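S.K.: Mind folding the following:
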Amino acid sequence: MNDRAPLPHEEPDSALPAGAPPLPPLLNRERAMLAFNRRVLAQASRTDVPLLERLRYVCIVSSNMDEFFEVRFSDFLEAARTGQLGASQRDLQAVAAEAHRIIDDQYAVFNDELMPLLREQGIVILNHADRNAAQRAWVDRFFQGQVRPLLVPVGLDPSHPFPQVANKSLNFIVRLGGRDAFGRANGIAIVKVPRVLPRVIRLPDELAPGQQAFVLLTSVIRAHLGELFPGREVEAFSQFRVTRDSDLEVDEDDVQNLRQALRTGLTTRHFGQAIRLEVVNSCPDELSEFLLQQFGLPEPALYKVNGPVNLVRLNQLIDQADASALRFPAHEPAWPVGRLPRERSIFERLRQGDVLLHHPFESFEPVVQFLREAVDDPEVLAIKQTIYRTGSESPLMEALIEAARRGKEVMVVVELKARFDEEANINWADRLEAVGAQVVYGIVGLKTHAKLLLVTRREGGAMRRYAHLSTGNYNPKTARLYTDVGYLTADAELTADADAVFQQLASLGKMRPLRALLQAPFTLHRRMSQLIERVAESARAGRPARIVVKVNALTDTALIEKLMRCAQAGASIDLIVRGACMLPPGVPGVTERIRVRSVVGRFLEHSRVFYFRWGEAEADEALYLSSADWMGRNMFRRIEVAWPLREPALRQRVIDECLVPYLHDHQDAWRLLPDGRYERDGSDGPSAQQALLARYGS
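M.R.: The predicted structure follows:
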């Protein structure tokens, strides 16, 4: 494709001679995940990012670290304890130490950088000592009317054992002086902070002229702790929060009804094994040691933080603040008018050719309209869709329910084990079944992560299929925040393959070989390996040899080894990996032809694009879009799909929008170094996301 925008480093190198150095050890996965959070935290210190958005990045780091401990660290801890997967106590200690450093640095950015700047803008969080008499009176009324009725302090003694503390729930531990009403000197009490109350409360404007003043719920409770224990003296106290292992453990081979088993598991998820304990840095040692003992945790699991426990909740301040100038400029995704006229039937348009949508720069609404048109069209007989993360409110799910009510054949593959979305998906499954939709839950032992929507329509006495395939979830909210690629098509091969996947997910039967789609766990990994080897063969022959892969994570050891061998053969390889990457680039003589970069910007990079070139001709090029990352779980423990872009103009568009700008980004990009550290790849050059916003008129 001679007219395309150039991909950097396209000239092949000569093949590496025999006796090339052995492959280097892979980077630690958990440290790679923490390195991503370092990059997110760095966004909070960027002066070119609006102030409230900088605070939002701090909140994102807090949320990411919660999930790290809930899911990843718990698995890593078990691996280190049992000596599995090469994890050692030394690795565990290094990962834990880095987690401590990130959280300490996070609070330093919050306290030393962001809070003073917010104060300059008139946005303040008032502690009890900062509040004047009128503000204290208002807080007192709020406490008495809204908070106090929901508090149940628990004094500990043999008949009042340490209470069950749910995962990530916020609590106070209090040391009391004196004796209780029964003359006993039980000295410890626990106060649970109600989850139903807002954590950030804005004061009335008249109480803070010229400011936007907020108080934290914990500060409100702290100011009134003494009232909860009449006749006792509050000698010391601290907020605390425990993070627990939150993976749902269900033996799928031993359950008759997966939905019921998961519904039961949801009730116990909040009380899994304790992993991390957070307290404020003023917490007395005796109280933190008492808590560690109660949760069965070692000293390294204690995190003393210099500020509010659980910074995630400060998103409520961001949402309440009146300061549009301190946020990113409003972005309204564009409707693809030239390619998909609003007034025209989408089915009619797709009979003329495929339509590619690039979110969030382009609107997700055409996907919703595609489904709604299918619901309203009397010639549409059947609709099939996979659901992974769609949210508790979804116009697509409501449309599927309406389609079933109208008598159409509706089949929905609901992934019940989509982590942290299980409850919402169970509720959707219940509602769909109630109106007669066929609901299945995929394959035992494999998550259904593929993103497919298939419509079957009667046209002139025959049946014709239309499909939407996507790299991202069917969630209109995240479609405004994540970069993804959606693909609307009436291509006979693609739609027949999609139908075959649905048939297999329902029937569990063997199916014919797919003509266009690649499917995990069957053909995706093998085909990626074959294409890497084809590029390596081209490099050894002195022909053009090029690979560009854009994924969220690269941790599959077999594919990593293939890429390193391909680079040794002389191929030029660029990897755009948002999160964890275990491949060490730039090792002399081994991976020096591999470059790894991560782009962290306004939107969460989420699209997966796989590009291969092994010669000069147009036929010597392949590009796939996919729902799958290059991870072992995606390749072998999930149902995933990847589809080729065979139409030259659409393939070129993906190269020009999803690859080239990211390889030239020198504002939001980071380069991975051979030792696993990242460094910024410039700071004043082009930004891929900003360029795409400009291209689409935002």
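S.K.: who's in contact with whichever helix in the chain runs longest?
M.R.: Ranked by residue count under DSSP state H, the longest helix found in the chain is helix 89-108. With C-beta atoms under 8 Å, 6 or more residues apart in numbering as the test, helix 89-108 has contacts from 28, 30-31, 34, 37-38, 41, 44, 58, 61-62, 65, 68-69, 73, 76-77, 80, 300-301, 303, 305-307, 311. C-beta: built from backbone N, CA, C; applies to glycine.
S.K.: average pLDDT for that helix?
M.R.: Averaging pLDDT along helix 89-108 yields 91.
S.K.: what do you get for stretch 206-219?
M.R.: Taken as a whole, stretch 206-219 has a mean pLDDT of 96.
S.K.: Give the buried residues for the longest helix of the chain.
M.R.: 91-92, 95-96, 98-99, 102-103, 105-107 (16 or more other C-beta atoms under 10 Å).
S.K.: just those now: which is nearest Leu563?
M.R.: Relative to Leu563, the closest of the buried residues of helix 89-108 is Asp91; by C-beta to C-beta it sits at 23.4 Å.
S.K.: Look at Gly486 and tell me its secondary structure.
M.R.: strand (DSSP: H, G, I helix; E, B strand; the rest coil).
S.K.: One more: the one 10 residues further on?
M.R.: Counting by three-state DSSP, the backbone at Ala496 sits in helix.
S.K.: do you know how far it is from Pro513?
M.R.: When distance is defined by C-beta to C-beta, to the nearest Å, Ala496 is 12 Å away from Pro513.
S.K.: neighbour count winner among the two?
M.R.: Ala496 (17 against 9; other C-beta atoms under 10 Å).
S.K.: for the chain, which strand is longest?
M.R.: Scanning the chain for the strand with the most residues, using DSSP state E, yields strand 233-244.
S.K.: low pLDDT regions in this protein?
M.R.: In the predicted model of the chain, residues 1-20, 79-88, 158-159, 181, 183, 247-270, 417-421, 698 satisfy pLDDT under 70.
S.K.: can you list the domains in it?
M.R.: Domains of the chain are assigned by automatic domain parsing as 127-326, 346-515, 520-695.
S.K.: want to throw these into JSON lines with distance to Leu114?
M.R.: Listed next are the domains of the chain as JSON lines, based on distance: least, C-beta to C-beta, whole Å:
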{"stretch": "domain 127-326", "distance to Leu114": "10"}
{"stretch": "domain 346-515", "distance to Leu114": "21"}
{"stretch": "domain 520-695", "distance to Leu114": "18"}
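S.K.: Ok, which of those comes nearest Glu332?
M.R.: domain 346-515 (8.2 Å).
S.K.: Pull up the distance across that closest one, start to finish.
M.R.: 25 Å (C-alpha to C-alpha, to the nearest Å).
S.K.: circling back: now the buried residues of helix 89-108 in a markdown table, with distance to Glu286?
M.R.: Putting these into a markdown table (distance: C-beta to C-beta, whole Å) gives the following:
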| residue | distance to Glu286 |
| --- | --- |
| Asp91 | 32 |
| Leu92 | 27 |
| Val95 | 28 |
| Ala96 | 23 |
| Glu98 | 28 |
| Ala99 | 25 |
| Ile102 | 27 |
| Ile103 | 23 |
| Asp105 | 28 |
| Gln106 | 27 |
| Tyr107 | 23 |
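S.K.: Which member of those is positioned nearest Arg372?
M.R.: Using C-beta to C-beta, Gln106 comes nearest to Arg372 of these, at 42.9 Å.
S.K.: distance of that closest one from Asp377?
M.R.: 51 Å.
S.K.: Check Arg195 too.
M.R.: Here Arg195 is placed at a distance of 44 Å from Asp377 (C-beta to C-beta).
S.K.: Show me how far the longest helix of the chain is from its chain's centre.
M.R.: Centroid displacement of helix 89-108 relative to its chain, using C-alpha atoms, centre = their mean, to the nearest Å, is 21 Å.
S.K.: Need the residues that contact the next helix or strand after it.
M.R.: The helix or strand immediately downstream of helix 89-108 is helix 115-120, counting by DSSP states H and E. Helix 115-120 has contacts (C-beta under 8 Å, 6+ apart) with 51, 55, 124-125.
S.K.: Could I have the CA atoms of helix 115-120 written out in CSV?
M.R.: The C-alpha atoms that make up helix 115-120 are tabulated as CSV, following Å, rounded to 0.1, in the frame of the first residue of the first chain:
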residue,chain,number,x,y,z
MET,A,115,-4.7,20.4,47.3
PRO,A,116,-2.8,23.7,47.3
LEU,A,117,-3.7,24.3,43.6
LEU,A,118,-7.4,23.5,44.3
ARG,A,119,-7.3,25.9,47.2
GLU,A,120,-6.0,28.6,44.9
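S.K.: What are the buried residues along that helix?
M.R.: Buried positions in helix 115-120, judged by neighbour count with 16+ other C-beta under 10 Å: 115, 118.
S.K.: So which elements touch the helix or strand that that helix is followed by?
M.R.: Towards the C-terminus, the helix or strand next in line after helix 115-120, according to DSSP H and E, is strand 123-125. If you count contacts as 3 or more C-beta pairs under 8 Å, 6 or more residues apart in numbering; DSSP states H and E, strand 123-125 packs onto strand 212-216.
S.K.: can you give me the angle the strand it packs on makes with strand 233-244?
M.R.: Using axes from the mean of the first three to the mean of the last three C-alpha atoms, to 10 degrees, the direction of strand 212-216 lies 90 degrees away from that of strand 233-244.
S.K.: Just give the strands next to strand 212-216 in its sheet, each with its orientation.
M.R.: Strand 212-216 sits in its sheet next to strand 123-125 (parallel), strand 200-202 (antiparallel), going by DSSP bridges.
S.K.: And it, how far out from the chain middle?
M.R.: Between the centre of strand 212-216 and the centre of its host chain there is 29 Å, according to C-alpha atoms, centre = their mean.
S.K.: Would you mind pulling the contact partners of that strand?
M.R.: Residues contacting strand 212-216 (C-beta under 8 Å, 6+ apart): 122-126, 131, 135, 139, 199-203, 205, 207, 308, 317, 320-323.
S.K.: Just the buried ones among those residues, please.
M.R.: 123-126, 131, 135, 139, 199-203, 207, 308, 317, 321.
S.K.: so Pro198 touches Leu217, yeah?
M.R.: Yes - between Pro198 and Leu217 there is a contact under C-beta atoms under 8 Å: 6.7 Å.
S.K.: Tell me which of these two has more neighbours.
M.R.: Leu217 (22 against 12).
S.K.: I'd say the more buried one and Arg195 touch.
M.R.: No - using C-beta under 8 Å as the test, Leu217 is too far from Arg195 to be in contact (10.2 Å).
S.K.: Give me the phi and psi for Ser470.
M.R.: Torsion angles at Ser470 (phi, psi; degrees, to the nearest 10) stand at phi -150, psi 150.
S.K.: distance of the residue lying closest to it once chain neighbours are set aside from Lys477?
M.R.: Ranked by C-beta to C-beta, 6 or more residues apart in numbering and with sequence neighbours excluded, the top spatial neighbour of Ser470 is Lys451, at 3.9 Å. According to C-beta to C-beta, Lys451 and Lys477 sit 16 Å apart.
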